[in-house]
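Colleague: Please work out how this folds:
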Amino acid sequence: MARALPRDARARGVGMNPSRAELRNRFAAGSARVAAAVAAGDEGSPPEGEWTPAEIVRHLIAVETEVWHARFDQLAAGESPQWVSIEPRFDDGPEDRTLFELVATFSARRDASVERLDAFDLDGWSRSGVHATFGVLDVEGLLRLAIDHDDEHLRTILGHGDRRD
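Modeller: Here you go, the predicted model:
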């Protein structure tokens with residue numbers, strides 16, 4: 001098994017190929033991107049059938065924990081998991097949190113995901129599971145899905161106009 005890199009080296013992408021480092025850093029920046037989108041979004045009601053920015057962030061919190069943490073943990077344990085498509089609705093925290101409290105919660109969960117990534121050694125990055133829809137996915141594949149998922153919801157938040165708090 002490859003030797004784990006010191007945390008500060010991993011955060012700089014040492015030992016990762018450029019593609020992995022770029023994916024890791026883009027994934028890590030997800031919480032800042034959500035915060036910026038929330039700051040730029042519209043406080044008004046979303047179009048019929050769309051979630052509010054607060055609901056989107058609550059969804060992102062749930063996905064972070066129920067999907068990304070769980071899958072990274074399975075790979076870290078050396079499992080070869082079989083994954084089904086799941087799309088958790090909202091986290092189970094108090095509903096009266098402000099949008100900015102929700103963003104802080106999402107940021108903490110994303111930071112915990114990044115810590116999981118940074119614990120992977122070179123062999124860990126190669127571990128994979130089989131997704132019912134997407135087939136074989138290693139850590140890079142999971143990160144691509146996570147980033148695409150973030151982007152989808154960021155577009156929705158930004159589609160709500162100009163937010164001023």
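Colleague: got a list of what Leu158 touches?
Modeller: Applying Cβ atoms under 8 Å, 6 or more residues apart in numbering, we find Leu158 in contact with 37, 40-41. Using the backbone N, CA and C atoms, a C-beta is placed for each residue, glycine as well.
Colleague: right, and the helix or strand after the least confident helix or strand in the chain by mean pLDDT?
Modeller: The weakest-scoring helix or strand in the chain, judged by mean pLDDT, DSSP states H and E, is helix 7-11 (a mean of 45). Beyond helix 7-11 in the direction of the C-terminus, DSSP states H and E gives the next helix or strand as helix 18-28.
Colleague: Dump the C-alpha coordinates for that next one into CSV.
Modeller: What follows is helix 18-28, C-alpha atoms only, in CSV (Å, rounded to 0.1, in the frame of the first residue of the first chain):
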residue,chain,number,x,y,z
PRO,A,18,-3.0,17.4,-11.9
SER,A,19,-6.5,16.0,-12.7
ARG,A,20,-6.9,14.7,-9.1
ALA,A,21,-5.6,17.9,-7.5
GLU,A,22,-7.9,20.0,-9.7
LEU,A,23,-10.9,17.9,-8.9
ARG,A,24,-10.1,17.9,-5.2
ASN,A,25,-9.7,21.6,-5.1
ARG,A,26,-12.9,22.3,-7.1
PHE,A,27,-14.8,20.0,-4.8
ALA,A,28,-13.3,21.7,-1.8
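Colleague: so where do the strands sit in the chain?
Modeller: Secondary structure of the chain by DSSP state E: the strands cover 82-83, 128-131, 135-138.
Colleague: list the helices and strands the second one packs on?
Modeller: Spelled out, it's strand 128-131. helix 70-76, strand 82-83, strand 135-138 (3 or more Cβ pairs under 8 Å, 6 or more residues apart in numbering; DSSP states H and E).
Colleague: Now for the closest residue to Gly93 other than its chain neighbours, how many residues are close by?
Modeller: Nearest residue to Gly93, sequence neighbours excluded (Cβ to Cβ, 6 or more residues apart in numbering): Thr105, at 6.7 Å. Using other Cβ atoms under 10 Å, Thr105 has 19 neighbouring residues.
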